[in-house]
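J.: can't give you the sequence, but here's the structure:
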């Protein structure tokens, strides 16, 4: 029992560590008490590793320690890319005098791979902590709306954090989308009053996202919901399909409201997020996504050496004349191709292919075979889509964490092994 509590606590702390630098309430609190956030982060990681050491020591003394070869192999496969990135850095040098990205790839990401492996037995606890952290953003959203700090027809980015300087629109949308994902699990609840909760919270979260300004998270949550309804529509019972009928009815009523109340239509047309989608391909798009994507491809195809090995770490901002940390392509695949080439991109994707293949083999489906496995699948898809529109290797530990969290738990591996032996 004590061991289970410790493992749960390790899982909670691991999720906090993953979200630490993006969770605005944490950063705001530390700025008030004048404590350096990097010091807190190091102490947090140290605490997790110390607790893990105690946990493993207890299991060794009781003879219950189990090391999964699958997990060790997955970690080794990621380290292949880390070593490749380090070699490329030595060969090409660092043009921006900024080693942040290479530190992420060879030091930070491996730590979060290990944290993900530590959480495999406690995926339900991971979901609970994500719900707690993202739910606070929903509360901030409601409070800001009630206080009149969120305008339904704003022409600029909006924040739910009062009296805080900075553009947090992408951050806010990311957490609101995560909150919507966490509520998906309640849709199939057998208790009618519980299944109604996500029908309220999910639409409200997405509507809130539309009035904040971020686009990537909107696309990502749309992809997640499409996958969910496509997969679940083939397995829902008649009782659950009644839920689907209710959702269709609600959707129809909303459409009627939009048609009958022109003011609502005007509000959505005035949404800063929708307007930013409209201008995406126009010269007026301040994010310059099309420009960044096209330049990354241009750099990738510039010569045979770059095609194979890439132009080198942080070469893209120099190529476009930005010479700044924010000048990355805002698409993780294009960044890999431009700066690490085909070979580097293959090294980066090999662990993902391995994890997904193992997941399909042992669980019988990439999507998952239980509620927690299905829900844990969605944050990976969510962050993967976000990394296609605004993510980069500099902050790739979140994507890496949720990728390796897709690995089957030791219990699932043991069940699969027993079935294999019985089949023989």
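T.: Good, I have the coordinates. Please read all numbers here as calculations on a predicted model, not as lab measurements.
J.: in what helix or strand does residue 136 lie?
T.: Using DSSP states H and E, residue 136 falls within helix 123-146.
J.: contacting residues around that helix?
T.: Contact partners of helix 123-146, identified using C-beta atoms under 8 Å, 6 or more residues apart in numbering, comprise 8, 11-12, 14-16, 19, 23, 25, 119, 150, 160-162, 172, 175-176, 178-179, 182-183, 185, 201, 204-205, 208, 372-373, 375-376, 379, 405, 409. Bear in mind the C-beta positions are built from the backbone N, C-alpha and C, glycine included.
J.: can you pull out the low-pLDDT segments for the stretch 51-200 of the chain?
T.: Residue ranges of the stretch 51-200 of the chain with pLDDT under 70: 57-67, 94-95, 153, 155, 163-167.
J.: among the contacts of helix 123-146, which lie within strands?
T.: Using DSSP state E, no member of the contacts of helix 123-146 falls within strands.
J.: can you give me the helices for the stretch 201-350 of the chain?
T.: With DSSP state H, counting those that start in this stretch as the criterion, the stretch 201-350 of the chain has helices at 216-232, 238-260, 262-269, 272-278, 289-300, 304-309, 315-319, 332-363.
J.: which one of those has the lowest average pLDDT?
T.: Lowest mean pLDDT within the helices of the stretch 201-350 of the chain: helix 262-269, at a mean of 46.
J.: re the thing from before, and the contacts of helix 123-146, which are buried?
T.: Buried members of the contacts of helix 123-146, scored by 16 or more other C-beta atoms under 10 Å, are 8, 11-12, 14-16, 19, 23, 119, 150, 160-161, 172, 175-176, 178-179, 182-183, 185, 201, 204-205, 208, 372-373, 375-376, 379, 405, 409.
J.: so which of those sit within helices?
T.: Counting by DSSP state H, the part of the buried ones among the contacts of helix 123-146 found in helices is 8, 11-12, 14-16, 19, 172, 175-176, 178-179, 182-183, 201, 204-205, 208, 372-373, 375-376, 379.
J.: so what's the nearest residue to residue 358 once chain neighbours are set aside up against?
T.: Excluding its sequence neighbours, the residue lying closest to residue 358 (C-beta to C-beta, 6 or more residues apart in numbering) is residue 70, at 5.7 Å. Going by C-beta under 8 Å, 6+ apart, residue 70 touches 358, 407-408, 413.
J.: and residue 70, what element?
T.: Using DSSP H and E, residue 70 falls in helix 69-92.
J.: run through who's touching the next helix or strand after that helix.
T.: Using DSSP H and E, the helix or strand that follows helix 69-92 towards the C-terminus is helix 100-103. Identification of contacts with helix 100-103 by C-beta under 8 Å, 6+ apart yields 85-86, 89, 94, 313-314, 325, 392-394.
J.: just the buried positions in helix 100-103, please.
T.: Using 16+ other C-beta under 10 Å as the test for burial, helix 100-103 gives 101-102.
J.: and that helix, how far out from the chain's middle?
T.: Its chain's C-alpha centre and that of helix 100-103 lie 19 Å apart, by C-alpha atoms, centre = their mean, to the nearest Å.
J.: ditto for stretch 82-89
T.: Chain-centre distance of stretch 82-89: 24 Å, with C-alpha atoms, centre = their mean.
J.: over to stretch 75-83?
T.: Offset of stretch 75-83 from its chain centre (C-alpha atoms, centre = their mean): 20 Å.
J.: again, but for stretch 121-139
T.: With C-alpha atoms, centre = their mean as the basis, the mean position of stretch 121-139 lies at 13 Å from the chain mean.
J.: can you point out the buried residues in it?
T.: 121-123, 125-131, 133-135, 137-138.
J.: just stretch 333-348 next, same as before
T.: Using 16+ other C-beta under 10 Å as the test for burial, stretch 333-348 gives 333-341, 344-345, 347-348.
J.: which two among these are spaced furthest apart?
T.: The two members of the buried residues of stretch 333-348 with the most space between them (C-beta to C-beta) are 334 and 347, at 16.2 Å.
J.: show me what stretch 361-375 is in contact with.
T.: Counting by C-beta under 8 Å, 6+ apart, stretch 361-375 makes contact with 123-124, 127, 181-182, 184-185, 188, 227, 231, 356, 359-360, 376-377, 408, 412-413, 416, all of which sit outside it.
J.: I meant stretch 405-414, not that one.
T.: Contacts for stretch 405-414 (C-beta under 8 Å, 6+ apart): 66, 68, 70-71, 74, 116-117, 119-121, 123, 126, 355-356, 358-359, 362-363, 376-377, 379-380, 416.
J.: what's the domain layout of the chain?
T.: For the chain, automatic domain parsing gives the domain ranges 1-65, 72-423.
J.: for the buried residues of stretch 121-139, which one is nearest residue 289?
T.: Closest approach between these and residue 289, by C-beta to C-beta: residue 137, at 24.5 Å.
J.: take the buried residues of stretch 333-348 and write them to CSV, including distance to residue 154.
T.: What follows is the buried residues of stretch 333-348, written out as CSV (distance: C-beta to C-beta, whole Å):
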residue, distance to residue 154
333, 32
334, 31
335, 31
336, 35
337, 36
338, 35
339, 36
340, 39
341, 42
344, 41
345, 39
347, 43
348, 38
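J.: closest to residue 309 among those residues?
T.: Nearest to residue 309 among these is residue 341, at 4.3 Å by C-beta to C-beta.
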